[in-house]
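J.: give me coordinates for this.
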Amino acid sequence: MARIYKYEPSHGPVLHRLIAALEQLSDEYTIQRGMGKYSYLVKSAQYDSSRVDKSIGLFIKYSNKKLSPWRYTIYKAEQEELEILQELCSTVF
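T.: Numbering: from 1, shown residues only. Below is the predicted model:
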């Protein structure tokens, strides 16, 4: 049986809003997992690997803390993953 990891429920609302926003566009998109547990690639169905203008990188970090200030640690491996997303995608959130 598949396990639900602690971070996954926090990704659900973000992905839900992303899907709702993408439904308003004329292109069709796919969402796939990135290299690590916090990243996703959003690609147009007409994706061409030689063009980056239709791809979006999404990196989700969360905090369980209820009040600000929220602090996040971006580890070296996550920084490297963000750099890869920036190379692959025209936009990274």
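
J.: next, name the residue at the spatial heart of this protein.
T.: Leu58 (2.3 Å; C-alpha atoms, centre = their mean).

J.: quick check: which element contains that residue?
T.: Using DSSP states H and E, Leu58 falls within strand 55-59.

J.: okay, and for the chain, where does confidence drop off?
T.: Along the chain, segments meeting pLDDT under 70 span 1, 47-54.

J.: strands of that one, residue ranges please.
T.: 29-33, 39-44, 55-59, 91-92 (DSSP state E).

J.: got a markdown table for those, with distance to Pro69 too?
T.: For glycine as for every other residue, the C-beta is placed from the backbone atoms N, C-alpha and C. Formatted as a markdown table, the strands of the chain follow (distance: least, C-beta to C-beta, whole Å):
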| stretch | distance to Pro69 |
| --- | --- |
| strand 29-33 | 30 |
| strand 39-44 | 24 |
| strand 55-59 | 20 |
| strand 91-92 | 23 |
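
J.: thinking again about what came up before, ok, the strand holding Leu58: who's next to it in the sheet?
T.: strand 39-44 (antiparallel), strand 91-92 (parallel) (DSSP bridges).

J.: ok, and for the first one, which residues are buried?
T.: Yep, that's strand 39-44 we're talking about. Neighbour counts over strand 39-44 (16 or more other C-beta atoms under 10 Å) mark Ser39, Tyr40, Leu41, Val42, Lys43, Ser44 as buried.

J.: so which residues make contact with it?
T.: Residues from elsewhere that reach strand 39-44, judged by C-beta atoms under 8 Å, 6 or more residues apart in numbering: 15, 18, 22, 27-34, 54-60, 81-82, 85, 88-89.

J.: from the residues you listed, which would you call buried?
T.: The neighbour count (16+ other C-beta under 10 Å) marks 18, 22, 29, 34, 54-60, 81-82, 85, 88-89 as buried among the contacts of strand 39-44.

J.: so what does the helix ranked longest in the chain touch, helix or strand wise?
T.: In the chain, taking DSSP state H as the definition, the longest helix is helix 8-23. For helix 8-23, the elements it packs on are strand 29-33, strand 39-44, judged by 3 or more C-beta pairs under 8 Å, 6 or more residues apart in numbering; DSSP states H and E.
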